[in-house]
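Visitor: structure, please.
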Amino acid sequence: MSTAKFKNIETTETNSKMKYLESDMGNANSTALKVRGRVDIDVRDGTTTGLMAKLNLTGARVSNTSPIGTIHFNNNNSNQIGIFGFHSEETSSADKSYFKFNHNVDVDSNTISGIKKLECATNTFITTDGLNAIKLRRSTSGNDGQAQTEIERAHNNTRRTFAIRGREPGKNSDSDIFYVYTNLTGGDSAEYKGRISNQWDLVNKKYVDDAIKAAVDAIAYRAKRVATLPQVPVAGMLYAIGDQLQLGT
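Guide: Reported below is the predicted structural model:
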């Protein structure tokens, strides 16, 4: 049996205030209240603090597969329906409870804060300005193109695809110390400008070239010195036998 209860109704000549409305249609799937126009929930009553407007949606579920309450957004001129729902189950577990949207969510350049864990679907892209920047997936092999985290190449040549900021030796300001650069020809490059002194530090081509040059210069200097030494033994002096140095006796 359908019933409707109206409690604490106050009326005057100029307005009518319904303090409390209770409607029981006898079926949870029946429409209990239908309003044409805007609905405002306003708890202000001359007090500016300590008040909270509240809308309660109470359902009954033992599984979180389906929502316990939803808000539907319908457009008269579109077949797309926006649904915002809350899912929970009888275990009272916070980890098994969540909000769910059936469409994309645009936060309009605002901040989403307090994220403890970000769980993405497989083959998810992180994009910026319409460009795919990072791809996340479950890696299925050690082959090319199957990395768990994949940083996409910059959208054009002569760009830095990614960079790690830090300080170069002898400098007190931050700069890109490790980055990938998209060259116009000859292939892209990974470039490093950080410290090269610890046994676990990365080295770059310049460091290797400088080390080789120093070694070659040392050999050339030694060869030049050897060329000026006597070729026969002289007591108390170094002399050369081939490329070996001996002390004359």
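Visitor: next up, the contacts around the closest residue to Gly194 other than its chain neighbours.
Guide: Residue nearest to Gly194 in three dimensions, not counting chain neighbours: Ile177, with 4.2 Å by CB to CB, 6 or more residues apart in numbering. Yep, even glycine has a C-beta here, placed from its N, CA and C like the rest. By CB atoms under 8 Å, 6 or more residues apart in numbering, the contact set of Ile177 is 164-168, 192-194.
Visitor: which strands border the helix or strand Ile177 falls within, and is each parallel or antiparallel?
Guide: For Ile177, the enclosing helix or strand under DSSP states H and E is strand 175-181. Strand 175-181 has the following sheet partners, assigned by DSSP bridges: strand 160-166 (antiparallel), strand 189-192 (antiparallel).
Visitor: mean confidence score for stretch 210-221?
Guide: Mean per-residue pLDDT for stretch 210-221: 85.
Visitor: distance from it to the middle of the chain?
Guide: Relative to its chain's centre, stretch 210-221 lies at 47 Å (CA atoms, centre = their mean, to the nearest Å).
Visitor: CA atoms only: put it into PDB for me.
Guide: Taking C-alpha atoms only, stretch 210-221 is exported to PDB below (Å, rounded to 0.1, in the frame of the first residue of the first chain):
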ATOM      1  CA  ASP A 210      89.200  12.500 -21.700                       C
ATOM      2  CA  ALA A 211      90.500   9.400 -19.900                       C
ATOM      3  CA  ILE A 212      91.800   7.900 -23.200                       C
ATOM      4  CA  LYS A 213      93.500  11.100 -24.200                       C
ATOM      5  CA  ALA A 214      95.200  11.400 -20.800                       C
ATOM      6  CA  ALA A 215      96.400   7.800 -21.100                       C
ATOM      7  CA  VAL A 216      97.700   8.400 -24.700                       C
ATOM      8  CA  ASP A 217      99.400  11.600 -23.600                       C
ATOM      9  CA  ALA A 218     101.100   9.800 -20.800                       C
ATOM     10  CA  ILE A 219     102.400   7.000 -23.100                       C
ATOM     11  CA  ALA A 220     103.600   9.600 -25.600                       C
ATOM     12  CA  TYR A 221     105.400  11.500 -22.900                       C
END
